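Participant: give me a model of this one.
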Amino acid sequence: MSNGLLHHIEIYVSDLKRSIDFWCWYLEELGYEPFQKWESGQSWKIEDTYIVFVQTEERFLDVQGLQRR
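Facilitator: Purely as a prediction, here's the structure:
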């Protein structure tokens, strides 16, 4: 892998199905292909880079402000 390239990105979401429905068409337009799928997540891959959407655990859904820390 070359310097500066991303290996992967994990995005934790509150509603996995809704997030996949929203993003999958766009990722595929960009050239990403479905890669892996399991009960709590799904990924798309292009060359050596992949993007993963993961369902946030129930116990963390009410936590607010983590992105501001």
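Participant: surely residue 12 touches residue 41?
Facilitator: No - with contact defined as C-beta atoms under 8 Å, residue 12 and residue 41 do not form a contacting pair (9.3 Å). Where you see a C-beta, it was placed from the backbone N, CA and C, and this is true even at glycine.
Participant: what's the overlap in contacts for these two?
Facilitator: Common neighbours of residue 12 and residue 41, using C-beta atoms under 8 Å, 6 or more residues apart in numbering, are 54-55.
Participant: which parts of the protein are strands?
Facilitator: When assigned using DSSP state E, the strands of the chain occupy the ranges 8-13, 33-38, 41-46, 49-55.
Participant: separation between residue 35 and residue 14?
Facilitator: To residue 14, residue 35 is 22 Å away according to C-beta to C-beta, to the nearest Å.
Participant: read off the pLDDT value for residue 3.
Facilitator: The predicted structure scores residue 3 at 80 on the pLDDT scale.
Participant: ok, residue 47 next?
Facilitator: You'll see residue 47 listed with a pLDDT of 94.
Participant: for the protein, what are the low-confidence residue spans?
Facilitator: When residues are selected by pLDDT under 70, those of the chain lie in 1, 63-69.
Participant: one more pass at 50, please.
Facilitator: Within the chain, the ranges that satisfy pLDDT under 50 run 68-69.
Participant: OK, contacts around the residue lying closest to residue 34 once chain neighbours are set aside?
Facilitator: Here the nearest residue to residue 34 in space, its sequence neighbours aside, is residue 44; by C-beta to C-beta, 6 or more residues apart in numbering that works out to 5.9 Å. Going by C-beta under 8 Å, 6+ apart, residue 44 touches 24, 27-28, 32-35, 50-51.
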